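1. Sequence first, then the predicted structure:
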Amino acid sequence: MTVLAGQAPFRARVAYSALDGFSLMATSYGPPIEIVCVPPIPWVTISFHSGGESVFTHSDGRSTRVGGSRAAILTYEHGVRMRRPAGVRALMVAVPKARVERYLERILQRALDEPLRFESSVDLDGDGRGIAGAVATARRVLARYAPDVPPPLVAAELEHSILSSLLFGQQHNYMDAMLSPSPPPSSRVVERVLDLVHSAWETPLTVADLADVAGVSERSLYTAFQQQLGASPMAYVRRHRLERTHDELLDAAPNGRTTVTGVALRNGFTHAGRFAAAYRRRFGESPSETLRR
């Protein structure tokens, strides 16, 4: 990092939070700065800027503007020079590159034949809305648990949300391969997944985990569930988590220590509004009404 304002005093504010699958760092600097990143860098990063516009200049000659409705995704196959004016507030999400590539390999059901490369500019008013939403949810949940970290089930759901929004919401060099037709799944696929879902209540499960157990790609698993159960794999998992949440609320001891929020988070529901709406649709009453009963 180079401070570009000569004799101006240097001021910085940094906040950092990390889970096993990703980290978030919020920064603001008083003077203008330049940050130079040189490969190899083992992360995929998503950068959001507010309060001004920054310019990322890549060593291959491209440039990416970040700020307002534009974010940037970097995989660092080339070096990058980041110039930020004074007062810009930045949020950077960093995911280990190996983790993103492993998630992509599960979707493709094969090894990658070249490094993953994203289109660097993200339109937050268009396809990038899903990425922004996943990151916003992660920030809310981390703030809810601070200074502690969420339980493994919640952390796994947050990581899955960020990875899937990245790979399905932003153009990259494997997008066509991801979306190409997949072979029809066998009848045993759903049965293997249901065995796991019904026996592993405490295990954090993502659609990638379910696909691994079934031995098929995520697309094939989705097709099999839609054909046999009329629901997506994760919709089925969430339905069972709702049932478990309902049972916990009914069985709670009448000492006032059990809360709806605590039970919901323990069972993987990170968005209170969506959880409450899904619960009412399923059981005809609010979670708090069940707890009072």
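-> Structure's in. What do you need?
2. which one is the one residue sitting closest to the centre of the chain nearest to, not counting chain neighbours?
-> The geometric centre of the chain, computed from its C-alpha atoms, lies nearest to I162 (C-alpha atoms, centre = their mean), at 1.7 Å. Using C-beta to C-beta, 6 or more residues apart in numbering and skipping residues adjacent in sequence, the residue nearest I162 is A134, 4.8 Å away. All C-beta atoms are positioned from the backbone trio N, CA, C, and that covers glycine.
3. Return the per-residue confidence for the one you found.
-> In this model, A134 is scored at 95, pLDDT.
4. how about the strands of the stretch 51-200 of the chain, start to end?
-> Listed in chain order, the strands of the stretch 51-200 of the chain (DSSP state E, counting those that start in this stretch) span residues 54-58, 63-66, 70-74, 80-84, 89-96, 121-123.
5. Mind listing the strands the last one pairs with, and their directions?
-> I take that to be strand 121-123. Strand 121-123 has the following sheet partners, assigned by DSSP bridges: strand 70-74 (antiparallel).
6. Low-confidence bits of the stretch 101-250 of the chain, can you list those?
-> Applying pLDDT under 70 to the stretch 101-250 of the chain picks out residues 182-185, 201-202.
7. Would you map the helices across it?
-> Using DSSP state H, counting those that start in this stretch, the helices found in the stretch 101-250 of the chain span residues 129-145, 152-169, 175-179, 188-199, 207-214, 218-229, 233-251.
8. Of all these, which one comes closest to D113?
-> Of all the helices of the stretch 101-250 of the chain, the one in closest proximity to D113, counting by C-beta to C-beta, is helix 175-179 (9.5 Å).
9. for the closest one, which positions count as buried?
-> Neighbour-count burial for helix 175-179 flags M178 (criterion: 16 or more other C-beta atoms under 10 Å).
10. what's the answer for stretch 100-117, then?
-> Within stretch 100-117, the residues that qualify as buried are V100, E101, Y103, L104, E105, R106, I107, L108, L116, counting by 16+ other C-beta under 10 Å.
11. next one: stretch 247-254
-> By neighbour count with 16+ other C-beta under 10 Å, stretch 247-254 contains the buried residues E248, L249, A252.
12. and that stretch, how far out from the chain's middle?
-> Averaging C-alpha coordinates over stretch 247-254 and over its chain gives two centres that are 31 Å apart (C-alpha atoms, centre = their mean, to the nearest Å).
13. can you list the residues that contact it?
-> Under the criterion C-beta atoms under 8 Å, 6 or more residues apart in numbering, residues T258, V260, V263, R266, N267, P287, T290, L291, R293 lie in contact with stretch 247-254.
14. Can I get it as PDB, trimmed to CA atoms?
-> Output in PDB follows, covering the C-alpha atoms of stretch 247-254 (Å, rounded to 0.1, in the frame of the first residue of the first chain):
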ATOM      1  CA  ASP A 247     -40.800 -30.100  17.700                       C
ATOM      2  CA  GLU A 248     -38.100 -28.200  19.700                       C
ATOM      3  CA  LEU A 249     -40.500 -25.200  20.300                       C
ATOM      4  CA  LEU A 250     -43.300 -27.600  21.400                       C
ATOM      5  CA  ASP A 251     -40.900 -29.500  23.700                       C
ATOM      6  CA  ALA A 252     -39.300 -26.400  25.300                       C
ATOM      7  CA  ALA A 253     -39.200 -26.300  29.100                       C
ATOM      8  CA  PRO A 254     -41.400 -23.500  30.500                       C
END
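15. from here on, count from 34
-> Done: numbering now begins at 34, and the last item shifts to stretch 280-287.
16. State the distance from V249 to R95.
-> Here the criterion is C-beta to C-beta, to the nearest Å. By it, V249 lies 37 Å from R95.
17. next one: R143
-> Using C-beta to C-beta, one gets 29 Å for the distance from R143 to R95.
18. likewise V77?
-> Counting by C-beta to C-beta, the separation of V77 from R95 is 17 Å.
19. And for T108?
-> The gap separating T108 from R95 is 13 Å, by C-beta to C-beta.
20. Those two: which has the busier surroundings?
-> When T108 is set against R95 and neighbours are counted by other C-beta atoms under 10 Å, the residue ahead is T108, at 20 against 12.
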